[in-house]
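**Q** The following comprises the amino acid sequence and a computationally predicted model.
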Amino acid sequence: MCGLVGSYHPSRDGGAAPLDLLARMRDTMEHRGPDGAGEWMSANGRCSLGHRRLSIIDLSSNANQPMLTPEGDIALVFNGEIYNHAEVRKELEALGKYTFRTDHSDTEMLLYAYAEWGPECVHKFYGMFAFAIYDARDKANPVLHLCRDRVGIKPLYFARTPQGEWVFASEIKALLKHPAIPREMDPCAFGHYLSFIVAPAPMTMFRNVFKLPAGYWATIHANGRTSAHRYWNCAPDSQDTFKTSDLSFDEAVEEFLRLMKQAVGRRLVSDVPFGALLSGGVDSSLNVALMAEMMDRPVTTFTVGYESYEQFNEYDYAKRIVAQYKTDHHETRINSREALNFLPSLVQYQDEPIADNVCIPLYFLARLVRQSGTTVVQVGEGADENFLGYWWCDHYRNKAQAIYDPIRRGDRSPDLLSIIQRKSGTTEDQEIAERAIRGKELFWGGAICWWGGLRDQLTPDRSMYDVRVECPIDGLMPESHQSTDSHAVIAEYLGPLAGKLDDPEVLQKIPYMELKLRLPEHLLMRVDKMTMAHSIEARVPFLDHDVVEFARRCPIEYKLKDGIGKRIVKKAAERYLDEDMIYRRKQGFGAPIDSWFLEPDFGKRTLALWERSQIKKDGFLDNTYVTDLLKSQVSGKLNYGFHVWTLMNAVLWHEHWIGDGLADF
């Protein structure tokens, strides 16, 4: 796991960033790679690459980066791990064309895999990765390639300067060190952030700074032409779904377990100490159980909790796993004072706001991992999204059957008419009815924040958000993302599925929508940013692409039936965990943010931050409404902690990166 940075100028009249500037950009990410640093510039001066190294596989200096072929005509910087590197290396060695200088570096394997197969090499890899390749084999027409892994576990950001220079890096803060990259907020991205609590790729909250979407390969040619290719999508299709007559539920459980063991086993490859984050929930507990089955030493486990808020802690459940599998266990507790004082650092590490309060405990959990001497951990992200584990999956199915689908079919029964005419039903029911009438999608994502009437009060005038920003890579920015209506983003993703799904459609759309937005730009980025803040590598076996593709093909009833979500995962877990742990009400990994807002210092500093913020001065929000909402939240009159945290995360970010700073926060 590492941090990469680079510069490329296609024009023969221009040059890449000089190495001293590149080193300053690179070293903003020292936390991503404390074990070494390197830089390189091409002989023609048109490309420069830099790297910070966190040594995980092949700790020798021979595996340092940037890494070049012996001829010097292909150069690579790489962030991530490719777990099947040994198998691909054997395939390359069998060709008799490549002489490996390292013992078992996945970077060198990637370099030669590209040399042999070009961009198609990516289909051979199991892993998480973001990389940049400068290919000058055609000296008259060198090209730069950028690639992000299938699911988006690792980030890759880029920008083009007014002078035509391309810069790219693992973190935005590295790009902002370049003198030609200004710090400006993208108003349209901010509008979408209020909906999704993150900016959808390729947008970021910084104007003219972009992120490569998950599953994409992009190329910048010597003549300035650009192209983007989506090499993996994993879209659901009823024609590709397993039939229950061909694959029984019990057989599916066996196949899931086989794939999970394979995924966990792949992620045990490491030359440094590794362990697992353990919440006490099904996913992390099954992860630990499978690791324990494969290891010849106790699994090192880590759990975080909160002082004064025991109802948020899952220590008792985690300790049952610790006792059952005799793990080498470590725990930490955090309090509101630590959380509050961490917030300026939070937005520094996030780069762009991720309005998930789980970032706070995750940071302190990663610190515990580092203090223990562990470098690699396995985490449980992805199971709920791909196997319909959240309570709201069944909720959406019920709403689809009762309201959304009948209205879409033209049903105007008295009960539905009363909802449509706002004479009865909840606000949510009326919003669902309105979406159906207007032909909008029912499901927008698992963490939608400001929508409906609340959004209308927050941003009554959205003209300020109507600012177009052209992505410099052709074909990467959909027209829909430039709309001030966030549903256009949803329609962009889900529209191509029309006619390809069986009922209930919403339960097939949920995993796909989560793979397009919430997983790569929210859940996986909170893991990446907060673990890498302490130079910790996090691996996600539930997002092994074999597991994801299997989940896509599973019949709905294997995932959700009779109100039991993640059914196939839970059935498999019965071999390893007690049933009361498996089938207890899902608690979720979250911070007591609602309660923290009620604490005097937390509330006081929140209000003071808002009052002096540049976002308030610029008028992007209805200031009176926000002020009243904040006062009601910190006084306990209302409880909109999720909404308030989404606002405050953006305000903190804006003050830190664009405004006057947070020195007096």
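**A** Structure's in. What do you need?

**Q** Check the secondary structure at T28 for me.
**A** helix (DSSP: H, G, I helix; E, B strand; the rest coil).

**Q** Now do the same contact list for it.
**A** With contact set as CB atoms under 8 Å, 6 or more residues apart in numbering, T28 has these partners: E171, K173, A174, K177. Quick note: C-beta positions are derived from backbone N, CA and C, even for glycine.

**Q** Next one: the nearest residue to the last one once chain neighbours are set aside from H178, what distance?
**A** Think K177. Nearest non-adjacent residue to K177, counting by CB to CB, 6 or more residues apart in numbering: M25, 4.4 Å away. Using CB to CB, to the nearest Å, M25 is found at 6 Å from H178.

**Q** and if you look at V122?
**A** Taking CB to CB, one finds V122 at 28 Å from H178.

**Q** ok so, going back, mutual contacts of M25 and H178, please.
**A** With CB under 8 Å, 6+ apart as the test, M25 and H178 both reach A17, V167.

**Q** Same drill for the two, tell me which one is more crowded.
**A** For M25 versus H178, the count of surrounding residues by other CB atoms under 10 Å is larger for M25: 26 against 20.

**Q** you'd agree that one is up against H51?
**A** No. Checked against CB atoms under 8 Å, the pair M25 and H51 is beyond contact range at 11.3 Å.

**Q** Find residues that contact each of those two.
**A** V5.

**Q** Check which residues of stretch 235-248 are buried.
**A** By neighbour count on 16 or more other CB atoms under 10 Å, the buried set for stretch 235-248 is A235, P236, T241, F242, L247.

**Q** want to throw those into CSV with secondary structure, distance to Y640 and pLDDT?
**A** Formatted as CSV, the buried residues of stretch 235-248 follow (DSSP: H, G, I helix; E, B strand; the rest coil; distance: CB to CB, whole Å; pLDDT from 0 to 100):
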residue, secondary structure, distance to Y640, pLDDT
A235, coil, 35, 97
P236, coil, 34, 96
T241, coil, 39, 95
F242, coil, 42, 94
L247, coil, 45, 96
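
**Q** Pick out the most distant pair among these.
**A** A235 and L247 (20.0 Å; CB to CB).

**Q** Skipping adjacent residues, who's closest to W392 in space?
**A** Nearest non-adjacent residue to W392 (CB to CB, 6+ apart): G446, at 7.1 Å.

**Q** Tell me if I'm right that that neighbour and L388 touch.
**A** No. G446 lies out of contact with L388 (CB under 8 Å); the separation is 10.8 Å.

**Q** Please identify which of the two sits among more neighbours.
**A** Using other CB under 10 Å as the criterion, G446 and L388 rank with L388 on top: 30 against 20.

**Q** So the more buried one lies in a helix, does it not?
**A** No. L388: not assigned to a helix; according to three-state DSSP it is coil.

**Q** So that it lines up with my notes, have the first residue be 221 from now on.
**A** New numbering, starting at 221: the last item is L608.

**Q** where does it fall, phi/psi-wise?
**A** phi 60, psi 50 (degrees, to the nearest 10).

**Q** shared neighbours of G666 and L608, which are they?
**A** What both G666 and L608 touch, as defined by CB under 8 Å, 6+ apart, is the set I730.

**Q** By neighbours, which of the contacts of T248 wins?
**A** A394 (28 neighbours).

**Q** And the residue nearest to that residue when sequence neighbours are not counted, how close does it get to K393?
**A** Nearest non-adjacent residue to A394, counting by CB to CB, 6+ apart: M245, 4.4 Å away. Going from M245 to K393 by CB to CB gives 9 Å.

**Q** do the same with H550
**A** When distance is defined by CB to CB, H550 is 30 Å away from K393.

**Q** repeat for P518
**A** 38 Å.

**Q** can you check A656 too?
**A** 43 Å.

**Q** Low-confidence ranges, the chain, go.
**A** Along the chain, the model assigns pLDDT under 70 to residues 221, 531-532, 807-809.

**Q** Let me see the domain layout of it.
**A** The chain resolves into domains spanning 222-403, 458-606+735-802, 813-877 when parsed by automatic domain parsing.

**Q** which one of those lies closest to A622?
**A** Per CB to CB, nearest to A622 of the domains of the chain: domain 458-606+735-802, 15.1 Å.

**Q** Ends of the closest one, what's the gap?
**A** 30 Å (CA to CA, to the nearest Å).

**Q** roughly how far out does it sit from the chain middle?
**A** How far domain 458-606+735-802 lies from its chain's middle: 14 Å, per CA atoms, centre = their mean, to the nearest Å.

**Q** give me phi/psi at M405?
**A** phi -80, psi 140.

**Q** Then R658?
**A** phi -90, psi 0.

**Q** Number of residues surrounding it?
**A** Counted with other CB under 10 Å, R658 comes out at 8.

**Q** now do S644
**A** S644: 11 surrounding residues under other CB under 10 Å.

**Q** Specify the local secondary structure of it.
**A** Classification of S644 using three-state DSSP returns coil.

**Q** Next, the contact list for it, please.
**A** D635, S638.

**Q** And for I353?
**A** Contacts of I353 by CB under 8 Å, 6+ apart are I294, A295, L296, Y334, L364, H365, C367.

**Q** Which of the residues you listed fall within helices?
**A** The helices, defined by DSSP state H, take in Y334 from the contacts of I353.

**Q** Mind checking which of the contacts of I353 land in strands?
**A** I294, A295, L296, L364, H365, C367 (DSSP state E).

**Q** Which among these count as buried?
**A** Neighbour counting with 16+ other CB under 10 Å marks I294, A295, L296, L364, H365, C367 as buried within the ones in strands among the contacts of I353.
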